[in-house]
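1. I'll drop the sequence and a predicted model, then ask my questions.
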Amino acid sequence: MPSGSRLWSVATGGYACGCAVLLLVALSPITATAGSLLDLPTGVPPVVVFAAPVFALGAVVWWGLVERPTAYTYLHGVAAGVATAVLAVAFWVLVFAARFGIPLVRRGDIVIGFVLVFALAVGSLYGLTAMYARGRLSTPASASSATASHAPND
């Protein structure tokens, strides 16, 4: 069990990355097409490349939105998950805009919206479950009845 705010942030960043991998596998036709557009190396699966920034984004966002306030709440957890999802999609939209230009990205607005909707759903579930774990695993055994919304930050 992680202890300390920074360790929890890194752990939830890894969890966010794992959730991103699962989402990208589920959206494999889009992932494969986007990977071929970017001319990724043949030995590296596009899922790994597209999910990699989520690790850092998830850790930083979790630390800023959940670990910094004075108390853990499920709302903060869901907000961290949603913010991570939005930032991850925005990151890759910017990469595609830098590579192909804004006009091409504008043509893909339906695909971007489709991916964003699924990313928001997965992000909110990621944030909720991570907050549940944070609230349960960080409390001492004598305070096991405390919920995440009442667990103090350490």
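-> Structure received.

2. after the lowest-mean-pLDDT helix or strand in the chain, next one along is what?
-> When the helices and strands of the chain are scored by mean pLDDT, DSSP states H and E, helix 102-107 comes last with a mean of 88. Downstream of helix 102-107, the next assigned helix or strand under DSSP states H and E is helix 109-137.

3. okay, now stretch 101-111: how far is its last residue from its first?
-> Start-to-end span of stretch 101-111 (Cα to Cα, to the nearest Å) is 16 Å.

4. one step back: other residues contacting the least confident helix or strand of the chain?
-> Residues outside helix 102-107 that contact it (Cβ atoms under 8 Å, 6 or more residues apart in numbering): V93, F96, A97, I112. Backbone N, C-alpha and C define where each C-beta goes, glycine included.

5. please repeat the previous calculation with a cut-off of 7 Å.
-> V93, F96, A97 (Cβ atoms under 7 Å, 6 or more residues apart in numbering).

6. of those - the most surrounded one?
-> Ranked by neighbour count (other Cβ atoms under 10 Å), the contacts of helix 102-107 have F96 at the top, with 18 neighbours.

7. how about low-confidence regions in the chain?
-> By pLDDT under 70, the low-scoring segments of the chain are 1-3, 139-154.

8. coming back round to it: so of the contacts of helix 102-107, which ones are in strands?
-> In strands, judged by DSSP state E, none of the contacts of helix 102-107 are found.
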